[in-house]
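Engineer: pasting the sequence and the predicted coordinates here, then a few questions.
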Amino acid sequence: MQSQVLNWGIAAAGRITQDFVTALSTIPNSRHAVLAVADVEGSRAQEFAQRNQIPRHFDGFEALSLDKEVDVVYVGTLNPFHYAVVRLMLTRGKHVLCETPLCLGLEQAQELYKLAEQRGVFFMEGMWSRCFPSYERLRELLLSDAIGEVKLVKLQHGFRLANVERVASRALGGSITLDIGIYALQLGQFIFGSSPVKIIPSGTQLNAERVDVQTEFILDYGDNRRLIALITGLENLENDAIIVGTKGEIKLPNYWCPTQLSLVNHAPESWPLPRAKFDFHYTNSCGLRYEAEEVRRCIEKRLLESPKYTHAASLEVIAITDQIRSQIGVNYDNVLGRDA
């Protein structure tokens, strides 16, 4: 990176990209700057730029990819368009942070990671959970044997999303597993350090488009170690995770973006988020600032991937989502590979 300031371009003018830009605004100006925003609808990009005092706005992503002052692009388009937009930015030599899920299938993701390595640019799927201070503290507790050997992770994750187009529409890569279930999968990976040896889905509900709006699954990691999850778009749940070890338990409220963590029978530890100039659309979205700081740290160190969520870790989770979708009968034939 040439300058001390990391110059961002934003691909798509939507709710998650608005939250990302708002979160960036809570970091001192000397560290991050948003130079440009692009959208398939130029008017949306213009409105987004005016609202957030962004100098440049583009109608379409081609111009953004050619902006020589932009160091890194945050891709927050709808799921089916991630692949094409990320591929464009990587081809033009941009560093990229892409919102989850990276792609609708393993093959596309493998291709993008290979391209990033060939181009020598930083590339990360935005698994923001891994960047929260609470996850670093969780790692410390697990490594220090605070709760002994972990035998069980149990969680529930639910919001009323079944009628939200990005979840319900097959043409938009809809899936409650891809939308929020991936956070359960990454938590299992984070705690157990490997892929499950067996995946047992149950209780799946598909909508009229044969998109999953609810599923339960057990991930068996061998040696009597399991993750049990209920993922639903039909109702709001508590959204906590309980990590059960041989000597104790850890509770993670809002486990995919926790600002608190507690050992059972101990006072909770907290990492409050700062106030921002705009309200956020999603739970604890101000925590996207941690992800942005991780990207900056990695680019400054000339890393091509984040040790917090490596290319291999991302591909492992995507492979599990592919297996779950295969078992429950959800596919994206004729949706994969769409251009933005």
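Structural biologist: It's in. None of the values given here were measured: they were computed from a predicted structure.

Engineer: residue contacts, residue 205?
Structural biologist: Applying Cβ atoms under 8 Å, 6 or more residues apart in numbering to residue 205 gives the contacts 212-215, 234. Any C-beta I mention is one placed from the backbone N, CA and C, and that applies to glycine too.

Engineer: please apply the same query to residue 122.
Structural biologist: 72, 95-96, 116, 295, 298-299, 303-305.

Engineer: again, only using 6 Å
Structural biologist: 95, 298-299, 304 (Cβ atoms under 6 Å, 6 or more residues apart in numbering).

Engineer: out of those residues, who's nearest residue 260?
Structural biologist: For the contacts of residue 122, the minimum distance to residue 260 (Cβ to Cβ) is 26.6 Å, reached by residue 298.

Engineer: re earlier: can you lay out the contacts of residue 122 as TSV showing neighbour count, pLDDT and distance to residue 180?
Structural biologist: Formatted as TSV, the contacts of residue 122 follow (neighbours: other Cβ atoms under 10 Å; pLDDT from 0 to 100; distance: Cβ to Cβ, whole Å):
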residue	neighbour count	pLDDT	distance to residue 180
95	24	99	27
298	21	98	26
299	18	98	28
304	18	99	28
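
Engineer: can you say which of the contacts of residue 205 are buried?
Structural biologist: Neighbour-count burial (16 or more other Cβ atoms under 10 Å) applied to those gives 212-215.

Engineer: now intersect those residues with the strands, please.
Structural biologist: Cross-referencing the buried ones among the contacts of residue 205 against strands under DSSP state E gives 212-215.

Engineer: which two in these are spaced the farthest apart?
Structural biologist: 213 and 215, at 8.5 Å, using Cβ to Cβ across these.

Engineer: surely residue 235 is in contact with residue 158?
Structural biologist: Yes - counting by Cβ atoms under 6 Å, residue 158 is a contact partner of residue 235 at 5.3 Å.

Engineer: in stretch 91-106, which residues are buried?
Structural biologist: For stretch 91-106, the buried set under the neighbour-count rule, 16+ other Cβ under 10 Å, comprises 92, 94-106.

Engineer: okay, now the closest residue in space to residue 150 that isn't next to it in sequence: neighbour count?
Structural biologist: Spatially, and ignoring its direct neighbours in sequence, residue 150 is nearest to residue 245 (4.9 Å; Cβ to Cβ, 6 or more residues apart in numbering). By other Cβ atoms under 10 Å, the residues close to residue 245 number 18.

Engineer: residue 245 and residue 155: what is the separation?
Structural biologist: Distance, residue 245 to residue 155, by Cβ to Cβ, to the nearest Å: 15 Å.

Engineer: with residue 34 instead?
Structural biologist: Going from residue 34 to residue 155 by Cβ to Cβ gives 34 Å.

Engineer: report the contact partners of residue 197.
Structural biologist: Residue 197 makes contacts with 220, 222, as judged by Cβ under 6 Å, 6+ apart.

Engineer: ok, residue 245 next?
Structural biologist: Shown in contact with residue 245 (Cβ under 6 Å, 6+ apart): 147-150.

Engineer: that's all I had, so thanks and see you.
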